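> Next come a sequence and a model predicted from it.
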Amino acid sequence: MILLVLSAAFLIIGKANPPLMEGLRTTVIEGTSPVLEVLSRPVSALNYLVTESRNLLTLHEENRRLKEENAHLQQWQMVARRLEQEASGFRDLLNIKDDPKSSFTSARVIGDTGGPFVHTLLMNAGHSDGVRKGQAVVNGDGLIGRVVETGTGSSRIILLTDLNSRVPVLIEKSRYRAALTGDNTEYPQLSYLPLNGKATLGDRIVTSGHGGLLPPGLPVGVVRSVEAGNVRVQLYVDRDQVEFVSTINFDRFHPFDDQPINSTVEQTKSPTDEKGAKS
């Protein structure tokens, strides 16, 4: 009852004398603010403890997960080191020649020069930067295409989806060789598989290195569909998200010397052959 009377009195005073009511309100706020601040400190501290406890639980779980991952990676590291030593021993035993060394030239994509029938990109590096026609173009996701034209400071890249693109590849798991053939669609076709060659959904496709133009093992994509012998590949690289690229300066494989075969045969003739020819 007293509260109702006080409330009614305050309302009457507020209507009759607003400045007086404003001053009373200010006085009450100033008087109660220290008390409210003191009372809010335990609540704030409790909220802080609850938040930090949750963070500690999250960090503990994250720490446990990272320890498990670290232990798993250490096991794989030991396996990788063992396999590397075995591979090195086999290479020495068989006297296998190492693959040619590669160097890279990085550039920015500055334009999409393609259209519905031509899938190409333009980058701001040319032959003055070491870019050469035929070089592979990659980014962090995998193979993008090849250099088809070079200028002094710019070059044009033909994408894997272009109708004129042909790239020697292989199915990583089965090691069957094929050609990735572009046809201006989003998913290029896997062509020229051997008759006994089979592709299954999810198979990784990488470059084979045949022809000596592209390094072997570059990631290309995965098998997306297999329908009546028509194998389609989903590429790792999204054309619309390409900003920076690198060209691979791969030392090409030269199967023969530049010297003509006839001259080589003539040099290897024995004196007996010459006498027989004279007689």
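Alright, I've got the coordinates.

> ok, residue 217 touching residue 207?
Yes: proximity of residue 217 to residue 207 meets the contact threshold set by CB atoms under 8 Å, at 6.5 Å. Using the backbone N, CA and C atoms, a C-beta is placed for each residue, glycine as well.

> Give me the more crowded residue out of the two.
Applying other CB atoms under 10 Å to residue 217 and residue 207 shows that residue 207 carries more neighbours, namely 23 against 12.

> Specify the beta-bridge partners of the more buried one.
With DSSP bridges as the criterion, residue 207 is bridged to residue 169.

> List the contacts of it.
By CB atoms under 8 Å, 6 or more residues apart in numbering, the residues touching residue 207 are 136, 143, 167-170, 214-218, 220.

> could you dump these to TSV with distance to residue 79, secondary structure and pLDDT?
Shown next, in TSV, are these (distance: CB to CB, whole Å; DSSP: H, G, I helix; E, B strand; the rest coil; pLDDT from 0 to 100):
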residue	distance to residue 79	secondary structure	pLDDT
136	29	strand	94
143	27	strand	96
167	31	strand	95
168	30	strand	95
169	27	strand	96
170	24	strand	94
214	29	coil	88
215	25	coil	89
216	22	coil	91
217	19	coil	91
218	24	coil	94
220	26	strand	97
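
> will you turn the residues you listed into TSV that also has distance to residue 154?
Below are these laid out as TSV (distance: CB to CB, whole Å):
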residue	distance to residue 154
136	18
143	21
167	23
168	27
169	28
170	32
214	22
215	24
216	28
217	28
218	23
220	25
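
> Only the buried residues of stretch 194-208, if you could.
By 16 or more other CB atoms under 10 Å, the buried positions in stretch 194-208 come out as 197, 199, 203, 205-208.

> Just the mean pLDDT for it, thanks.
Averaging pLDDT along stretch 194-208 gives 90.

> ends of that stretch, how far apart?
15 Å (CA to CA, to the nearest Å).

> Then stretch 155-166?
Taking CA to CA, stretch 155-166 runs 19 Å from one end to the other.

> what does stretch 110-121 give?
8 Å.

> Distance from it to the middle of the chain?
Computed by CA atoms, centre = their mean, to the nearest Å, the chain-centroid distance of stretch 110-121 equals 21 Å.

> And stretch 191-206, by the same measure?
In terms of CA atoms, centre = their mean, the centre of stretch 191-206 is found 23 Å from the chain centre.

> quick one: low-confidence parts of the stretch 151-279 of the chain?
251-279 (pLDDT under 70).

> Would you map the strands across the chain?
Ranges of strands in the chain, per DSSP state E, are 102-111, 120-123, 136-138, 143-150, 155-159, 166-171, 177-181, 189-191, 204-207, 219-227, 230-235, 244-250.

> ok, the residue nearest to residue 103 when sequence neighbours are not counted - contacts?
Spatial nearest neighbour of residue 103, chain neighbours left out: residue 249 (4.5 Å); criterion: CB to CB, 6 or more residues apart in numbering. Contact partners of residue 249, counting by CB under 8 Å, 6+ apart, are 102-105, 130, 132, 135.

> and with 10 Å instead?
For residue 249, the contacting residues are 100-105, 130-132, 135-136, by CB atoms under 10 Å, 6 or more residues apart in numbering.

> for residue 81, same thing?
Listed by CB under 10 Å, 6+ apart, residue 81 has no contact partners.

> Okay, it and residue 75: tell me how far apart.
Distance, residue 81 to residue 75, using CB to CB, to the nearest Å: 11 Å.

> For residue 125, grab the count of nearby residues.
22.

> What are the phi and psi values at it?
For residue 125, the backbone dihedrals are phi -150, psi 140 (criterion: degrees, to the nearest 10).

> How much space separates it from residue 142?
With distances taken as CB to CB, residue 125 is found 19 Å from residue 142.

> All good on my end, thank you.
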